[in-house]
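Chemist: my questions concern the predicted model and sequence given below.
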Amino acid sequence: MADDEEIAVYDEVEIEDMTFDETLQIYHYPCPCGDRFEIALMDLQDEATDIAVCPSCSLMIRVIFDLDDLPKPDPDPSAPGPAENQMPIAA
């Protein structure tokens, strides 16, 4: 969407008032419909969007946050560890 003013949001919520799910890497906040608004950490970090949506209804909220205060992404668990954890081998 080219213009943020076109988006009708239900409310603006500080990120400190949201709950962070470390496993799913999403923030969520209760929605009046009984479900919850959700937004992915990666979307916030990429500045792709600041709008959290509820998957059960049409409501949306704007998340107020400072990019510097977001959790840092976890390193890739499949990436090789530091050299100190590797064993030398003879060729």
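Modeler: Happy to help now that I have it.

Chemist: in this protein, what helix or strand scores lowest on average pLDDT?
Modeler: Least confident helix or strand of the chain, by mean pLDDT, DSSP states H and E, is helix 41-45 with a mean of 92.

Chemist: which residues does it contact?
Modeler: When contacts are taken as Cβ atoms under 8 Å, 6 or more residues apart in numbering, the neighbours of helix 41-45 outside the stretch itself are 15, 20, 25-27, 48-50, 63, 65, 67, 70-71, 73. Backbone N, C-alpha and C define where each C-beta goes, glycine included.

Chemist: buried sites along that helix?
Modeler: 41, 43-44 (16 or more other Cβ atoms under 10 Å).

Chemist: quick check: next helix or strand after that helix?
Modeler: strand 51-53 (DSSP states H and E).

Chemist: where's the residue nearest the centre of the chain relative to Thr23, distance?
Modeler: By Cα atoms, centre = their mean, the mean C-alpha position of the chain lies nearest to Leu41, the distance being 1.7 Å. Taken as Cβ to Cβ, to the nearest Å, the spacing of Leu41 relative to Thr23 amounts to 11 Å.

Chemist: can you show me the strands along this protein?
Modeler: According to DSSP state E, the chain carries its strands in the segments 11-14, 19-21, 26-30, 36-40, 51-53, 60-64.

Chemist: mind putting those into TSV with mean pLDDT, mean neighbour count and distance to Ile89?
Modeler: What follows is these, written out as TSV (pLDDT from 0 to 100; neighbours: other Cβ atoms under 10 Å; distance: least, Cβ to Cβ, whole Å):
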stretch	mean pLDDT	mean neighbour count	distance to Ile89
strand 11-14	96	13	52
strand 19-21	95	12	40
strand 26-30	96	19	41
strand 36-40	96	20	40
strand 51-53	95	20	49
strand 60-64	96	18	49
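
Chemist: residue contacts, the residue nearest to Asp11 when sequence neighbours are not counted?
Modeler: The spatial neighbour of Asp11 that comes closest, neighbours along the chain excluded (Cβ to Cβ, 6 or more residues apart in numbering), is Ile61 at 5.0 Å. With contacts taken as Cβ under 8 Å, 6+ apart, Ile61 has the following neighbours: 9-13, 29, 37, 51-52.
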